[in-house]
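Colleague: next input, structure requested:
(chains A and B)
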Amino acid sequence: MNDFGIIFEAEFLRRIKSRAYLIGTLLGAAMIVILSAAPALFAHGISSSTHRIVLAGDPALTAAAKTLLAKDFDVSATEPAPANAPTLADLAHAGDAAAVVVFKNGSGGLDVTAYAKDAAGFRTTTLRDDIVPLTVALAVHARPAMISSLLRDFTVDVRSLDAKFHDEASANAARGLALLLVVLLYLAIILNCQGVLTSVAEEKTSRIAELLVATTSPAQLLTGKIVAAGVTGSIQIAVWLGVGLATAAGVVNSVGGPSGGMHTSSTSPAGLGSIDLPTSVIVAFVIFFIIGFLQYATLYAAAASLISRTEDLGSVAGPLVLPVLAGFLLAQVALGIPNATGIAIASQIPLLTPFVMFTRMAVVTVPLWQVILAIGINLVATVGIVWLAGKVYRVGLLMYGRPPKLAQIFNVLRTS
Amino acid sequence: MLQLTDVHRSFGAVQAVRGVTFAIPTGATFGLLGPNGAGKTTTMRMILNILVPDRGTITWNGTRIDGAMRRRFGYLPEERGIYGKLKVREQMAYFGKLHGLRDPLLGKRIEEWMERLEIAQYGDRPCAELSKGNQQKVQVACASMHEPEFLILDEPFSGLDPVNAEVLLDALRYLQSTGATLVLSSHQMYQIENVCTEFCIIAGGHVRVNGSLGELRAQWPTRTVLVEPSSPMLRSVLERIPNATARPHENGTLAYDVPRNFDVPALARELVAAGDLTRLERMEPSLSDIYLRAIGESV
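Modeller: From the prediction side, this is the model:
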């Protein structure tokens, strides 16, 4: 085993056996379970009270409305029109219903009033959308079922000219997936780089660094450390991703499945459990994770090598969060306008590329020359960053005292 | 043999090492001495190739020092470093592997060196739980367990009590017996004088003196004679010696620096004739005397 292997093994075991790593992984997994399950569980918990309604009014109208509302509401009863406005006691009497909805055929058409227990939480839009066929049917003297059928079958066929996706739904799904993966990429890079940062800082502040560079080359030391942090960080991310997907699938099966009775909505986690990752997106994710991690990890290592006290870590490494954040925010913009000139340019800029180009590739078909150019620029930039950061790391490991100013670093680099 | 020839190294405007030249014969134990900021640590770092000289050459047995060679060297830096969470055995195994040791030799050496430095009972304890002195012995073990052909120890006795200093001296004597070339830097002159065979004193980045203790003493211009009792008659004899200088000494003893080639037997005869002489001793200069003179703070 060469020095790289020895350093990698030691770093890997040290990190993976550390209490902080184990606790962090478990806490992260627990948080993901909670975050994945919470929306569905909350939705499940409130569904019975928000979906149960009572219909009142002309029996012909309430009968027609009951049919139309059945898919989104639990109609517990139909009653004649009340003489007075319903009260909370009436709702409680009707099995804790969310509202009494009164239907009248007025001079201006269908007149609907919902007496809701919680007006803000009542699903007014859903109710309105469901009974539109009834009001149209009354106006044109047609059967509500026929109008409902017409509206249901009427769609606008959007066809994407981009060959990547066949329709809008696929494109939207890709955008959702890209957002999820960019967040994961951001977490993967930030967390792994934090690992490198603390590892280098520990060796620098405990003065063990000099002992190490007397035995092996700083390049091997840095490489072993970065690869070990990358592997342990990737394991952590994989655990979190697996737990997240498993939880989402479990939630869908137990709560959101056909037998669970959960009503679909735009915020439903349904579908997470059946995410289908295209191979090209997985490959792009891996490539841009490696490039991004290498660029940022070496910069973080160089920054950590300049400090003498742990307290200085924030001031030296803090500015390095800015390009990561910029890349992450630009990726959000790229989700909406992936082919805008500014976004296309940003996707070629080292440190931003991993986020922006990956997002573009996930949501549109990026011209091959742009992908090759971005990877080429970033590989060259990575070599440059690794070379420069490696030099700072080599010099920084032996510098003690106050964190050096930029001019001092350049001066030492020039003379080293 | 380690050979440094006209080695220079600057950090910005600061010239830390200016034209250092010395040689350390294979198997020698070499004391590298000097005040704080003299350039010792920079010199040692250049020997280990941690820093690259601006000018000059450093060779080991005629070859420039490279990575493979460095693996056979050992180093205990002045600023101690240790992985606090690692157990003693794990720490030693890591550094042993970095120096090329593999099982079963690695395990054997770990046990041997823990025994030698009397830290075997701490083998399965995290290093952070050990006392400072025991942590230092762990670091000595990490630097020495591969039984290097060349070992640099910067202030190895610092922080050790007399008993543990003796344990370390025994370990150094063991390394001497293996034929290792040792370089020791320390301000504890007594231990350095006892264990080293060659010395180099540097100050301000320059070599002031170097050689064996005998050679350094041979260059010393005076010797000290101690005479008892401290009577006026005996004092008058000493006062008559050309270029003799009285030195402060404890009560009841007369101490004078006399020229190196002064005829001591003749002085003995004069003193016996002058009174009731009970003690006459000719003292060689100590390493401490030579050191202080070399760095310009004494004599």
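Colleague: okay, buried residues for the helix or strand where A:Ala301 lies please.
Modeller: Take DSSP states H and E as the rule and A:Ala301 turns out to sit in helix A:279-305. For helix A:279-305, a neighbour-count test (16 or more other Cβ atoms under 10 Å in any protein chain shown) marks A:281, A:284-285, A:287-289, A:291-305 as buried. For glycine as for every other residue, the C-beta is placed from the backbone atoms N, C-alpha and C.
Colleague: what ranges do the strands span in the chain?
Modeller: Let's take chain A. Assigned by DSSP state E, the strands in chain A fall at A:52-57, A:74-79, A:99-106, A:109-116.
Colleague: wrong one, I was asking about chain B
Modeller: Counting by DSSP E, the strands of chain B are B:2-11, B:14-24, B:29-33, B:55-60, B:63-64, B:73-76, B:150-154, B:181-185, B:198-203, B:206-212, B:222-228, B:245-246, B:254-259, B:279-283.
Colleague: in the stretch 1-150 of chain B, which residue sits nearest chain A?
Modeller: Relative to chain A, the nearest point of the stretch 1-150 of chain B is B:Gly81 (3.0 Å; Cβ to the nearest Cβ).
Colleague: not counting its neighbours along the chain, what's nearest that residue?
Modeller: Of all residues not flanking B:Gly81 in the chain, A:Ile208 sits nearest, at 3.0 Å (Cβ to Cβ, 6 or more residues apart in numbering or on different chains).
Colleague: which residues touch that neighbour?
Modeller: B:Gly81, B:Ile82, B:Tyr83 (Cβ atoms under 8 Å, 6 or more residues apart in numbering or on different chains).
Colleague: if you rank the residues you listed by neighbours, which is first?
Modeller: B:Ile82 (21 neighbours; other Cβ atoms under 10 Å in any protein chain shown).
Colleague: phi, psi of that residue?
Modeller: Main-chain torsions, B:Ile82, degrees, to the nearest 10: phi -160, psi 140.
Colleague: so what's it scoring on pLDDT?
Modeller: Note for B:Ile82: predicted pLDDT of 87.
Colleague: list the contacts for it?
Modeller: A:Ser206, A:Ile208, B:Gln91, B:Cys127, B:Ala128, B:Gln135, B:Val138, B:Gln139.
Colleague: could you redo the last one with a cut-off of 10 Å?
Modeller: A:206-208, A:211, B:88, B:91, B:126-128, B:130, B:135-136, B:138-139, B:142 (Cβ atoms under 10 Å, 6 or more residues apart in numbering or on different chains).
Colleague: only whichever of the residues you listed are buried, select them in ChimeraX.
Modeller: ChimeraX command restricting these to the buried ones, with burial defined by 16+ other Cβ under 10 Å:
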select /A:206,207,208,211 /B:88,91,126,127,130,135,136,138,139,142
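Colleague: now intersect the contacts of B:Ile82 with the helices, please.
Modeller: Members of these lying in helices (criterion: DSSP state H): A:Leu211, B:Val88, B:Gln91, B:Gln135, B:Gln136, B:Val138, B:Gln139, B:Cys142.
Colleague: out of those residues, who's nearest A:Pro59?
Modeller: B:Gln91 (85.9 Å; Cβ to Cβ).
Colleague: hmm, the closest one is touching B:Lys137, no?
Modeller: No. Assessed by Cβ atoms under 10 Å, B:Gln91 is found out of contact with B:Lys137, at 11.7 Å.
Colleague: compare the strands of chain B and report which one is nearest to A:Arg123.
Modeller: It's strand B:2-11; of the strands of chain B, that one is closest to A:Arg123 (Cβ to Cβ) at 72.5 Å.
Colleague: elements contacting that closest one?
Modeller: helix A:406-415, strand B:14-24, helix B:40-47, strand B:55-60 (3 or more Cβ pairs under 10 Å, 6 or more residues apart in numbering or on different chains; DSSP states H and E).
Colleague: which parts of the stretch 151-300 of chain A sit against chain B?
Modeller: A:202-218, A:220-221 (Cβ under 10 Å from any Cβ of the partner chain).
Colleague: quick check: ChimeraX command selecting the buried ones in those residues.
Modeller: Buried residues among those (16+ other Cβ under 10 Å), as a ChimeraX selection:
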select /A:202,203,204,205,206,207,208,209,210,211,212,213,214,215,216,217,218,220,221
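Colleague: contacting residues for A:Tyr115?
Modeller: A:Tyr115 touches A:53-54, A:56, A:82, A:85-88, A:90-91, A:97, A:99-102, A:122, counting by Cβ under 10 Å, 6+ apart.
Colleague: let's have the helices and strands packed on strand B:2-11 in a markdown table, adding mean neighbour count and distance to B:Leu287.
Modeller: Listed next are the helices and strands packed on strand B:2-11 as a markdown table, based on neighbours: other Cβ atoms under 10 Å in any protein chain shown; distance: least, Cβ to Cβ, whole Å:
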| stretch | mean neighbour count | distance to B:Leu287 |
| --- | --- | --- |
| helix A:406-415 | 13 | 35 |
| strand B:14-24 | 19 | 17 |
| helix B:40-47 | 24 | 16 |
| strand B:55-60 | 16 | 25 |
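Colleague: mind listing what residue 296 touches?
Modeller: No chain was given, so I picked chain A. A:189-190, A:192-193, A:196-197, A:226, A:320-321, A:323-324, A:327, A:351, A:354, A:385, A:389.
Colleague: looking at chain B here, not the other one
Modeller: With Cβ under 10 Å, 6+ apart, B:Gly296 has these contacts: B:Pro35, B:Ala203, B:Gly204, B:Arg208.
Colleague: for chain A, see how far away it is.
Modeller: With distances taken as Cβ to the nearest Cβ, to the nearest Å, B:Gly296 is found 27 Å from chain A.
Colleague: buried residues in stretch A:9-22, which are they?
Modeller: Buried residues in stretch A:9-22, defined by neighbour count with 16+ other Cβ under 10 Å: A:Ala10, A:Glu11, A:Phe12, A:Arg14, A:Arg15, A:Tyr21.
Colleague: so which of the residues you listed sit within helices?
Modeller: A:Ala10, A:Glu11, A:Phe12, A:Arg14, A:Arg15, A:Tyr21.
Colleague: which among those residues gets closest to chain B?
Modeller: A:Ala10 (5.1 Å).
Colleague: need the contact list for the nearest residue to that closest one once chain neighbours are set aside.
Modeller: Distances taken as Cβ to Cβ, 6+ apart place B:Tyr94 nearest to A:Ala10, at 5.1 Å, with adjacent residues excluded. B:Tyr94 makes contacts with A:Ile6, A:Ile7, A:Glu9, A:Ala10, A:Leu13, A:Arg14, A:Leu212, A:Thr215, B:Tyr83, B:Leu86, B:Cys142, as judged by Cβ under 10 Å, 6+ apart.
Colleague: pLDDT wise, what is the second one at?
Modeller: What it means is A:Ile7. Model confidence at A:Ile7 (pLDDT) stands at 90.
Colleague: show me what contacts A:Ala20?
Modeller: Counted by Cβ under 10 Å, 6+ apart, A:Ala20 has contacts A:Gly195, A:Thr198.
Colleague: buried subset of the contacts of A:Tyr296 as a ChimeraX selection?
Modeller: To isolate in ChimeraX the members of the contacts of A:Tyr296 that are buried, counting by 16+ other Cβ under 10 Å, one can use:
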select /A:189,190,192,193,196,197,226,320,323,324,327,351,354,385,389
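Colleague: how far away is B:Gly81 from A:Glu202?
Modeller: 10 Å (Cβ to Cβ, to the nearest Å).
Colleague: cool, and A:Gly176?
Modeller: Taking Cβ to Cβ, one finds A:Gly176 at 39 Å from A:Glu202.
Colleague: end to end, how far does stretch B:145-163 reach?
Modeller: 21 Å (Cα to Cα, to the nearest Å).
Colleague: in it, which residues are buried?
Modeller: Neighbour-count burial for stretch B:145-163 [16+ other Cβ under 10 Å]: B:145-157, B:160.
Colleague: how about stretch B:55-75?
Modeller: Buried residues in stretch B:55-75 (16+ other Cβ under 10 Å): B:Gly56, B:Ile58, B:Trp60, B:Ile65, B:Met69, B:Arg70, B:Arg71, B:Phe73, B:Gly74, B:Tyr75.
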